[in-house]
Structure formats: C-alpha cells, structure tokens
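Participant: Structure of the sequence below:
(one chain, ligands or ions: 1)
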Amino acid sequence: MTDRPSPPSSHEAKVVAGILRDAEGRILLAQRTRGEHAGRWEYPGGKAEPGESLEEALRRELEEELGVVIGGISALIEVPQTGARGPWRLCAFEVQAFKGEAHGREGQALAWVAAERLRAYSMPPADLPVTAALLDPACYAITPDLAADRTEALVRGLDRLIAQGSPLRLQWRLPQWERSAAIGLLAAQLARLRAAGIEVLLNGEPDEARRLGCGLHLRSSMLATVERAELYGLDAITASCHDASELARAASLDLDAVLLGPVASTATHPGARPLGWEEFVALRARCALPIYALGGLVPEDLPAARACGAQGIAAIRGLWPDQARVASG
Ligand SMILES: Nc1nc2c([nH]c(=O)n2[C@@H]2O[C@H](COP(=O)(O)OP(=O)(O)OP(=O)(O)O)[C@@H](O)[C@H]2O)c(=O)[nH]1
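Facilitator: Have a look, this model is predicted:
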C-alpha cells in the first residue's frame, strides 16, 4: 500500500455534488441555467462556502436547490481540476437516503436518468470521471508477463479472476508470446470472461481488437501515431500515459480512460521514476479523462486513488490473483 496523499490545498475551491437515486435506481441530474455550462446537465450541488465542511455544503446545497433533506453520504470520487480562476475540486458523494420530493427550486430542469443512459447527457468535462466512477470498473488488471509456455498458469489465473466475480477491466498483454498464440488464446477465453462481467482490452493493433470484438489498449508509442479513424467501431479504448502531453493526446482522441503512472515504484518496471500522488494530482487536474493510477498499487489503495481523482487502480501484481502460484506453478 502506498503512503496516503497529502490533503487538498486550502486555496482550492470545492464544489460538492450528490448522487441521488430513486426507487428504480435512476440517478438525478439537474440542468444548468447559467454560466459557462448553461444547458448542460450535472449532478446537483454547488460551491462549498468558507469554513463549511463538504458534508455541510452538500446538505445546504441540496436543500436550497432541490428541497430535499439528505441522510448518510459516502465519498464517490474527488476530481481536482484547473480552471481559468485557479485550482478547484469537484467532490462527488453517493447520497444513501433523502427526504422530500426533489424539485427544481431555482428554476432548473431535473431528470431521473437510468445509469446506462447517463452518457447520453451533455455534462461539464469535470463530470466525466464522476460518471465513469459510477459506471465503469474501479480495477484494471493486466496479465502478468508470462513465458509463452505458461498457458496453463495463465488460464488458472483467469479462472480465479472469474471466480472473484467483481467488475473488472483486463488488459491482455503477453509481450513474450507469438502474436498468433496470444490472440488465439484470447479468442478462446473471451466469451467466458465477458460472461463473468470482465471487459477485455487487447494490448495490440486496432484491427486485431476489431476482429475479436473486444476493447483496445494503446501503448504510449501507438498513442502518439494512431489516427482517430483507425479506432472506429471499437469497444472501450485505453492508453498508457506518463506525462501531460500524452494525457492531452489521449483526450484529443476521446479515449474512454487512460493509465497514468508509475505512481509508486514497481517490480516490473524498476527503472521508471515514480510520480507520487502529488504529481499524479497535478497531472489529473489538467485533463478530464477517467484515469487509472498505475504502478505499485493494491486494492487497499483504492480510497486514496479516488481521493486523488483516479477512476481506480491498474496493476499486474496487485490485481492478478495468487501471483506467487502463477509465477511458480
Ligand atoms: N453542482 C455541480 N457543479 C458542477 C458539476 N460539474 C461542474 O463542472 N460543476 C461546476 O462547478 C461550479 C458550481 O458552481 P454553482 O454555481 O453550482 O455553485 P453555487 O450555486 O454555490 O455558486 P454561485 O452562487 O457562485 O453560482 C460551476 O462552475 C459548475 O459548472 C456538477 O456535477 N455539479
């Protein structure tokens, strides 16, 4: 587990937002009536006032804007951003219960939206990571770098991932394997992975992923050269990023998420300089893509990652089940 990040700086403006659900599980959006994002939809809330805790701010805003009194809340994600007026942070909370019937007390339109329809609503950029935190897996596993004769060990690892039964993204990365063998094994495993709710992204070429009908992960070298048109018709697309220019490139291609790291030092990439959480936050603040924090992280790091604006963690060792047995088995 990594050291916890330092608390957000006090000169950073805070905006609180609540995720409210109705009896059918639909989520409440409010339409902005003024300012830069007028007409766009957002999670209801507003700016915290000086001296107010985030919970107090959320309670006040939701009462003022919607006429509801909220019960318990839990942190979903914080999204540090850099705006024209300086640093600010969108702090999104799941609202476990509320009293009263939500209505637009400030003339704003409201909509109860089924989770899978959220992305059909135009939202401010800072909301992209909030929506991704609601809809997409928090864990992004990467296959271990096994030798080409280790098919059985790999399949045993997949069995265990499936048995865990939690939502997951899985990057299929087998650099030591013949291309045809790596793709052949994925083709044979894809249906059962998908049936278990595991979303597979091939570390490879767009055409290969299209033929398999799975997602695609772009190495940073490919991110630099790939054209948007080559990515047409693919499921989820992610990319490896290490700095602000790669993040900007990923954003210009409108990718679904990126992996940013290494946050801490890792056994698999011993020479790479770790970013640490502070630099991670500084980079995250300059773009609005969903970002998985990568490098030396384990599931216990998830709350810290979410507090730094990460969608979750990406890892080989930290997420591959029973790594020790795979390595020696
Ligand atoms: N409430 C809310 N604000 C958001 C979201 N996403 C996002 O970028 N924002 C931005 O955060 C800021 C929130 O300010 P606000 O105008 O709602 O807050 P307020 O009513 O307390 O402030 P005001 O009285 O200065 O207008 C706006 O610039 C808004 O566009 C979101 O999901 N919910």
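Participant: only C-alpha atoms for contact and neighbour calcs from this point on.
Facilitator: Will do.
Participant: heading toward the C-terminus, what's the first helix or strand past whichever strand or helix holds Val155?
Facilitator: Using DSSP states H and E, Val155 falls within helix 151-164. Next helix or strand after helix 151-164 toward the C-terminus (DSSP H and E): strand 168-172.
Participant: so how far is that next one off the chain centroid?
Facilitator: When distances are taken as CA atoms, centre = their mean, to the nearest Å, strand 168-172 is centred 13 Å away from the chain's centroid.
Participant: Neighbours of Ala264, how many?
Facilitator: By the criterion of other CA atoms under 10 Å, Ala264 has 19 neighbours.
Participant: how close does it get to Asp127?
Facilitator: Distance of Ala264 to Asp127, computed by CA to CA, to the nearest Å: 27 Å.
Participant: So which other helices or strands are in contact with the helix holding Val155?
Facilitator: Helix 151-164 sits against helix 323-328, with contacts defined as 3 or more CA pairs under 8 Å, 6 or more residues apart in numbering; DSSP states H and E.
Participant: Apply 7 Å and report the result again.
Facilitator: For helix 151-164, there is no helix or strand it packs on, judged by 3 or more CA pairs under 7 Å, 6 or more residues apart in numbering; DSSP states H and E.
Participant: now that helix, how far from the centre of its chain.
Facilitator: 24 Å.
Participant: buried ones in it?
Facilitator: By 16 or more other CA atoms under 10 Å, the buried positions in helix 151-164 come out as Ala153, Leu154, Arg156, Gly157, Leu158, Leu161, Ile162.
Participant: the inter-axis angle of it versus strand 168-172?
Facilitator: Here helix 151-164 points in a direction 170 degrees away from that of strand 168-172 (axes from the mean of the first three to the mean of the last three CA atoms, to 10 degrees).
Participant: Just the buried residues of the longest helix along the chain, please?
Facilitator: Counting by DSSP state H, the longest helix found in the chain is helix 179-195. For helix 179-195, the neighbour count (16+ other CA under 10 Å) marks Ala182, Ile183, Leu186, Leu190, Leu193 as buried.
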